[in-house]
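Asker: Here is my input; please provide its structure:
(one chain, ligands or ions: 2)
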Amino acid sequence: LRARQAAVPTGPGRTADGYAVPLLANVGSAADAHLAVELGAEGVGLFRTEFLFLHRKSAPTVAEQTEQYAEIFRIMGDRPVTVRTLDAGSDKPLPLLNLPEEENPALGVRGLRLSSVHEGTLLDQLTAIVAAAEETGASVKVMAPMVATAEEASYFAARARDAGIRTCGIMVEIPAAALRSGDLGAEVDFFSIGTNDLSQYLFGADRMSSAVAALHDPWQPALAQTIALTVAGAGRHEVQVGVCGESASDPEFACVLVGLGVETLSMAPRSIAAVRARLAEVTLEQCRAAAAAVLSARTAADALTAARKALGRDT
Ligand code: PEP
Ligand code: MG
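Answerer: Numbering: from 1, shown residues only. Ligands and ions are numbered 1, 2, ... in the order given. All right, here's what the predicted structure looks like:
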């Protein structure tokens, strides 16, 4: 038993040939952050801040937010934390914002678009994040959700930098942002690809509907192609690319993401061990071969079979 335990890799994510792939955690509370540290996350790649705004009649003050952000930064210690600004709307309804009813909320005023009606909420949040980072000495990055255009990326980066954020980024979760990643990359320091929403908008398939779940399969070749496009656009500006959607927690698909040029993977803390173990078994060259195989597959099933073969699986 002891020998078997010793074979399980711990520590930072890396391929068999030593290519480093930081394995980060998605967290939405202090409890998640504790779990992330316990399970060896190298940082937080997605800090969902919605929890602070839930079950309240009015928005939290800057002081309240500062305290809560600081708590999570302290738990993470010297590990970097990427905070996402409020992603309210659609699958994350926030009654306190009193948003008008929309017929298609997933296509409505959500994510960064909220700042067109509630700019103060964004500015307060940025102020609190900077204050908490200063108070704790944490290494903090900030990103905005649901960014579609270069103007939106530029708007967010300007507000974030004015507030004192040094490293700012955007989530790439709308196909237009992926298509124009070369333009959006000129505005920010990093991209974090949200494959949950990216699949939803790419395939026109509601992420909340189990009837269309097959279209949310990460092995759909169109998803890999969109990620490849994003990496290519980012490469024009030395913009770092991570993935923080559910797809990063599939150990086999995580290898494909690495092969596509994705530099960091962020996932639920409990998924980290399996991804770390699988990455340790494959080389970067195998990951690239698997990515190429997925890009040239016709169906999700073909993509999975071809990737497994490239990654040394028999079946
Ligand atoms: C995503 O859309 O992939 C994502 C990571 O964000 P959320 O699931 O919070 O929308
Ligand atoms: Mg999303």
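Asker: Report the contact partners of residue 231.
Answerer: Residue 231 makes contact with 241, 260, 261, 262, according to C-beta atoms under 8 Å, 6 or more residues apart in numbering. Every residue, glycine included, has its C-beta placed from N, CA and C.
Asker: Find the nearest non-adjacent residue to it, please.
Answerer: residue 261 (4.0 Å; C-beta to C-beta, 6 or more residues apart in numbering).
Asker: residue contacts, the one you found?
Answerer: Residue 261 neighbours (C-beta under 8 Å, 6+ apart): 228, 231, 235, 241.
Asker: Now the two most distant members of the contacts of residue 231.
Answerer: Of all pairs drawn from the contacts of residue 231, the one with the longest distance (C-beta to C-beta) is 241 and 260, at 8.9 Å.
Asker: Need the residues that contact the helix or strand harbouring residue 129.
Answerer: According to DSSP states H and E, residue 129 maps onto helix 119-136. Helix 119-136 has contacts (C-beta under 8 Å, 6+ apart) with 49, 59, 61-63, 65-67, 69-70, 73-74, 83, 85-86, 97, 112, 114-115, 138, 140, 142, 159-160, 163-165.
Asker: And the buried ones among those, selectable in ChimeraX?
Answerer: Per 16 or more other C-beta atoms under 10 Å, the buried members of those correspond to this ChimeraX selection:
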select :49,59,62,65,66,69,70,73,83,85,86,97,112,114,115,138,140,142,159,160,163,165
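Asker: quick one on the thing from earlier: could you save the contacts of residue 261 as TSV and add columns showing distance to residue 208 and secondary structure?
Answerer: What follows is the contacts of residue 261, written out as TSV (distance: C-beta to C-beta, whole Å; DSSP: H, G, I helix; E, B strand; the rest coil):
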residue	distance to residue 208	secondary structure
228	27	helix
231	28	helix
235	34	helix
241	27	strand
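Asker: closest to residue 268 among those?
Answerer: Residue 268 lies nearest to residue 241 out of these, by C-beta to C-beta, at 20.0 Å.
Asker: isn't that closest one right next to residue 258, touching?
Answerer: No. Between residue 241 and residue 258 there is no contact under C-beta atoms under 8 Å: 11.1 Å.
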